[in-house]
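Asks: Okay, structure incoming, though there's no sequence with it:
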């Protein structure tokens, strides 16, 4: 099933009546808000994990025309996330918060999509 078809079916099935529509929108807003708050609480705290620095450096390298890094084997990581982090830091400045913000936003979106997926299955 294509992703577009899944979302159309999900919206048609989940928003059938007006009461359900209002309730579902309210639940999605609550889930999204809680998920975002839990992810944004300590984004600016200056602890740095090695993979965050690696992703940031890969993203900045991509913006300067250099892709990848030397490893013992092939590098199979998709470049979208690294490019997103590098772009955010280039546009908004170099800080812990900006480097971690794409991960928090994508994690929040995944929680909302998980709600719709769960509702589709049940």
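Replies: Looks like it came in fine. All values derive from a computational prediction rather than experimental measurement.
Asks: Any stretches of the chain with poor pLDDT?
Replies: 1, 3, 7, 10-17, 68-76 (pLDDT under 70).
Asks: now the spatially most central residue of it: how far from residue 38?
Replies: In the chain, the residue lying closest to the centroid (C-alpha atoms, centre = their mean) is residue 106, at 1.1 Å. As for residue 106, its distance to residue 38 is 14 Å (criterion: C-beta to C-beta, to the nearest Å). Heads up, the C-betas are built off the backbone N, CA and C, glycines and all.
Asks: Likewise for residue 52?
Replies: 18 Å.
Asks: Can you spell out which helices and strands pack onto the helix or strand hosting residue 86?
Replies: Here residue 86, judged by DSSP states H and E, is contained in helix 80-92. Helices and strands touching helix 80-92, by 3 or more C-beta pairs under 8 Å, 6 or more residues apart in numbering; DSSP states H and E, are helix 50-63, helix 96-121.
Asks: Any buried residues in the longest one, and which?
Replies: Taking 16 or more other C-beta atoms under 10 Å as the neighbour-count basis, helix 96-121 is seen to contain the buried residues 96, 98-104, 108, 111-112, 115-116.
Asks: roughly how far apart are the closest residue to residue 97 other than its chain neighbours and residue 95?
Replies: Leaving aside its sequence neighbours, residue 97 sits nearest to residue 44 (C-beta to C-beta, 6 or more residues apart in numbering; 4.3 Å). Counting by C-beta to C-beta, the gap from residue 44 to residue 95 is 7 Å.
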